[in-house]
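A.B. asks: need a 3D model of the sequence below.
(chains A and B)
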2 protein chains.
Amino acid sequence: MKIIKLPAVLYKSLKKSRSAGKTIGFVPTMGALHAGHLSLIRQARKENSIVVVSIFVNPAQFGPKEDLKKYPRPLNKDLALCRKERVDFVFSPRPEEMYGEGFSTYVNVERLSETLCGKSRPGHFRGVATIVAKLLNIGQPDIIYLGQKDAQQAIIVKRMARDLNIPVKVKIMPTVRQRDGLALSSRNAYLDKKEKKDALVLSAALNLAKLFIKSGARDASRIINRMKRVVNKKKSSRIDYIAIVDTASLKPVRKISGECLIALAVRIGRTRLIDNIIVRA
Amino acid sequence: MKIIKLPAVLYKSLKKSRSAGKTIGFVPTMGALHAGHLSLIRQARKENSIVVVSIFVNPAQFGPKEDLKKYPRPLNKDLALCRKERVDFVFSPRPEEMYGEGFSTYVNVERLSETLCGKSRPGHFRGVATIVAKLLNIGQPDIIYLGQKDAQQAIIVKRMARDLNIPVKVKIMPTVRQRDGLALSSRNAYLDKKEKKDALVLSAALNLAKLFIKSGARDASRIINRMKRVVNKKKSSRIDYIAIVDTASLKPVRKISGECLIALAVRIGRTRLIDNIIVRA
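C.D. replies: Numbering: from 1, shown residues only, chains lettered A, B, ... in the order given. A predicted model of the protein is given here:
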C-alpha cells in the first residue's frame, strides 16, 4: 500500500495504472474509518484492479462554528485498516496542498445543496462538491463509492458528475448500522453513554415511518409528526429537520408514492446526527 | 474530420486516441471563426496528434439582455475552415445536450469573476468556467488553447484548472488584429462601416498607454485618464471600464511595476467590444 501526500504524485501513479488497462475504484473519506467505510472499500476491492482511499478532513465543508478542529483524525489506525483491506493507494494530502494560495474555484450544485442539511449548514455541500470534483480530477477513477448514510451528499455528487460530464460511475452503498439500529458515523465518537442510547431515536423514528407506510399511511406530514413525537421523547434531542422528499429533486412530497427519501437530522446533546431510509410505495 | 454532436461519442473517440498514446489539443469556440481562432487551431495542430474544436454558443455565459439569439452561427463556413486546418474532431452539441433536464451544477471562480467584464456581465464567467469544465471533462485534452483577447477568461480558466486539479495545460495565444489595429472578434460583425472606424479607439488607447509607459509613466490613474480621453473622442463610444490590473489577481494597480494587464471594454453603438495588452515595466 502506498501512502501519497501530493496530488500530482497520485495523478501520475494512477495514470500509469490506467494506461496498463487497470480499473480504479475510489473511496473518498474524512478518515476515522468505521465499518461503513470498510463496506465501501470492500465493494471497491471486489470491482476494481486498483483501490484508492482518500483520507482528508476537508475544511471547505465545515462551517465556521462546526467541528473541523475536533473532528477525529486517527491516521495510523485508519492506515492499518486500509492495509488490511488491501487498499493500493491512500491519499492523505495536507489542507495547504488542496487549497493553495489564491484558491478561489468552487463547484456548486444549486437547489439540491440548499435544502435539508444545506439549510443549517450553508456552504457545506459546496465544499463537498468542490473536494469531490478535485479528487475525481486527480484520481480519474472508473467508480466512486459513497454511503447512503449521507444521502444528500450522494445525490449531489451524482448530479454534479452528470452535469459536469465527469466520466465516473457513482455507486451508493447501504448504510451500515449497529445491532441496535444506530447508523455508523465518525461523529458517534462524540456521544457519551447516555447519548448513545438517546441517539437510537433517529433509527427508531425511521423504522416507525417505514411501518406506517407498510400499513398504508401516505400522508407525509402525518408521518413526519409521528416521527417528531418519537424523537422529542428524549430530553437530549433537538430536531434540525425531519423530511420526506423526492429522491431526485429532494423536494418535499405530500403524498407518498413511488420512491421517497425519509431523512432527518437531530442534535443529541451537542452532536448533530443524520440518518435516512428510502421507501417505496 | 468528424463532426460530433453527443458528449458521450466525443468522450469515447478521444479515449481511444488517448489509449493509443496520442496527444489531444482542444480549442473551445463559439463559432463564427476568424483568424484569431485559426491561430489557436494552427498552434494546436502543430503541437498535438489530435485536434478538437468545439463550436458551441454557450447560453450559460449570456445575460438575459445579451446577444445570445443574434450571435452569429455560420456553421457550414466554420466547418469548412476547420477542415482546411486539418481539425480531427468538431464538437458542436445542441444546448439541450449540454444543459439537460435538472441541470444545476456551476463552477465559479470567485473574485476573478467579479471584476472587469464580470461587473457589467454578472454570471458571465460562471457560465464560461462551467462550460470549459464540462468540455475538459468530455475531451480530457493535454492542452487547451485560448486567446489573449479574452484575457480575463484565460486567467479564470487557468485558475480553475489549477484549483480543481484538472490535468490540462492552458496555453494563451496572442491577440490577432486587423492591420488597422482592431482586435478580431466575432462581434465585430455587428459594427457598421462608421462604427468599425470608431472601434479603433480601443487599440489606439492601448497603444497610447504602452507609449506612455515606455517613456516612463507609472501612475495608473493618470494613464487611464489619458486613455479615457482618447476613447471619449468618438461620439458612438461609451466606456464600460478601463483598468490596469495585476495579471494574476486582476486587482487594480496604482503604480505600474512588473507585469500588468491593461484592459478595456467599450460600447461602440450597441456593440460591446473588449481589448487588452500586457505591459512590463
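A.B. asks: please count neighbours and contacts with C-alpha atoms only from this point.
C.D. replies: Noted.
A.B. asks: how's chain A carved up into domains?
C.D. replies: Annotated domains of chain A cover A:2-173, A:186-273 [automatic domain parsing].
A.B. asks: of these, which is nearest B:Ile4?
C.D. replies: B:Ile4 lies closest, by C-alpha to C-alpha, to one member of these: domain A:2-173, at 15.6 Å.
A.B. asks: which SS class is A:Gly31?
C.D. replies: Secondary structure for A:Gly31, judged by DSSP: H, G, I helix; E, B strand; the rest coil, is coil.
A.B. asks: distance of it relative to A:Ser92?
C.D. replies: 9 Å (C-alpha to C-alpha, to the nearest Å).
A.B. asks: A:Leu250 contacts A:Leu112, correct?
C.D. replies: Yes - A:Leu250 is within contact range of A:Leu112, at 6.4 Å (criterion: C-alpha atoms under 8 Å).
A.B. asks: bridging residues for A:Ile24?
C.D. replies: Counting by DSSP bridges, A:Ile24 is bridged to A:Ile50.
A.B. asks: wait, it touches A:Asn48, no?
C.D. replies: Yes - A:Ile24 lies in contact with A:Asn48 (C-alpha under 8 Å); the separation is 5.5 Å.
A.B. asks: the more surrounded of the two?
C.D. replies: Neighbours were counted for A:Ile24 and for A:Asn48 using other C-alpha atoms under 10 Å in any protein chain shown; A:Ile24 has more, 23 against 17.
A.B. asks: check contacts around that one.
C.D. replies: Contacts for A:Ile24 (C-alpha atoms under 8 Å, 6 or more residues apart in numbering or on different chains) come out as A:Leu14, A:Arg18, A:Asn48, A:Ser49, A:Ile50, A:Val51, A:Val52, A:Gln140, A:Pro141, A:Asp142, A:Ile143.
A.B. asks: returning to what we had before: intersection of neighbour lists for A:Gly31 and A:Ser92?
C.D. replies: Counting by C-alpha under 8 Å, 6+ apart, the contacts common to A:Gly31 and A:Ser92 are A:Ser54, A:Ile55, A:Phe56.
A.B. asks: wait, what's in contact with the second one?
C.D. replies: To tie it back to what came earlier, the one meant is A:Ile55. Applying C-alpha under 8 Å, 6+ apart, the residues near A:Ile55 are A:Pro28, A:Thr29, A:Met30, A:Gly31, A:Val90, A:Phe91, A:Ser92, A:Pro93.
A.B. asks: one more: A:Thr130?
C.D. replies: For A:Thr130, the contacting residues are A:Thr105, A:Tyr106, A:Val107, A:Asn108, B:Leu164, by C-alpha under 8 Å, 6+ apart.
A.B. asks: which helix or which strand is home to it?
C.D. replies: helix A:124-139 (DSSP states H and E).
A.B. asks: pull out the buried residues from stretch A:244-257.
C.D. replies: Burial within stretch A:244-257, assessed by neighbour count using 16 or more other C-alpha atoms under 10 Å in any protein chain shown, is assigned to A:Ile244, A:Val245, A:Asp246, A:Thr247, A:Ala248, A:Leu250, A:Lys251, A:Pro252, A:Val253, A:Ile256.
A.B. asks: quick check: chain neighbours aside, which residue is closest to the fifth one?
C.D. replies: The shortest distance from A:Ala248 to any residue that is not its chain neighbour, by C-alpha to C-alpha, 6 or more residues apart in numbering or on different chains, is 7.1 Å, and that residue is A:Ile155.
A.B. asks: same check on the third one?
C.D. replies: If the residues on either side of it in the chain are set aside, A:Asp246 comes closest to A:Cys260, at 5.1 Å by C-alpha to C-alpha, 6+ apart.
A.B. asks: buried sites along the helix or strand hosting that neighbour?
C.D. replies: Assigning secondary structure by DSSP H and E places A:Cys260 in strand A:259-268. Applying a neighbour-count criterion of 16+ other C-alpha under 10 Å, one finds A:Cys260, A:Leu261, A:Ile262, A:Ala263, A:Leu264, A:Ala265, A:Val266, A:Arg267, A:Ile268 buried in strand A:259-268.
A.B. asks: chain neighbours aside, what residue packs nearest to the third one?
C.D. replies: With C-alpha to C-alpha, 6+ apart as the measure, A:Ile244 is the residue that lies nearest to A:Ile262, at 4.5 Å, once sequence neighbours are left out.
A.B. asks: who's in contact with that neighbour?
C.D. replies: Residues near A:Ile244 by C-alpha under 8 Å, 6+ apart: A:Ala220, A:Ile224, A:Pro252, A:Val253, A:Cys260, A:Leu261, A:Ile262, A:Ala263.
A.B. asks: SS state for it?
C.D. replies: For A:Ile244, the assignment made with three-state DSSP gives strand.
A.B. asks: next one: A:Ile3
C.D. replies: Reduced to three states by three-state DSSP, A:Ile3 is strand.
A.B. asks: now swap in A:Gly102 and tell me
C.D. replies: coil.
A.B. asks: wait, what's in contact with the spatially most central residue of chain A?
C.D. replies: The residue lying closest to the centre of chain A (C-alpha atoms, centre = their mean) is A:Asp150, at 3.4 Å. Neighbouring residues of A:Asp150 by C-alpha under 8 Å, 6+ apart: A:Ile274, A:Asp275.
A.B. asks: quick check: A:Ile138 vs chain B, distance?
C.D. replies: Noted for A:Ile138: a distance of 6 Å to chain B, by C-alpha to the nearest C-alpha, to the nearest Å.
A.B. asks: name the nearest residue to that residue, sequence neighbours excluded.
C.D. replies: Excluding its sequence neighbours, the residue lying closest to A:Ile138 (C-alpha to C-alpha, 6+ apart) is A:Tyr11, at 5.1 Å.
A.B. asks: how about the residues of the stretch 1-150 of chain A near chain B?
C.D. replies: A:7, A:19, A:98-100, A:103-111, A:130, A:133-135, A:137-138 (C-alpha under 8 Å from any C-alpha of the partner chain).
A.B. asks: which of these are buried?
C.D. replies: Of these, these count as buried by 16+ other C-alpha under 10 Å: A:7, A:98-99, A:103-110, A:130, A:133-135, A:137-138.
A.B. asks: for the closest residue to A:Ala199 other than its chain neighbours, give me its contacts.
C.D. replies: Nearest residue to A:Ala199 in three dimensions, chain neighbours excluded: A:Ile268, at 6.3 Å (C-alpha to C-alpha, 6+ apart). For A:Ile268, the contacting residues are A:Leu191, A:Glu195, A:Asp198, A:Ala199, A:Ser236, A:Ser237, A:Arg238, by C-alpha under 8 Å, 6+ apart.
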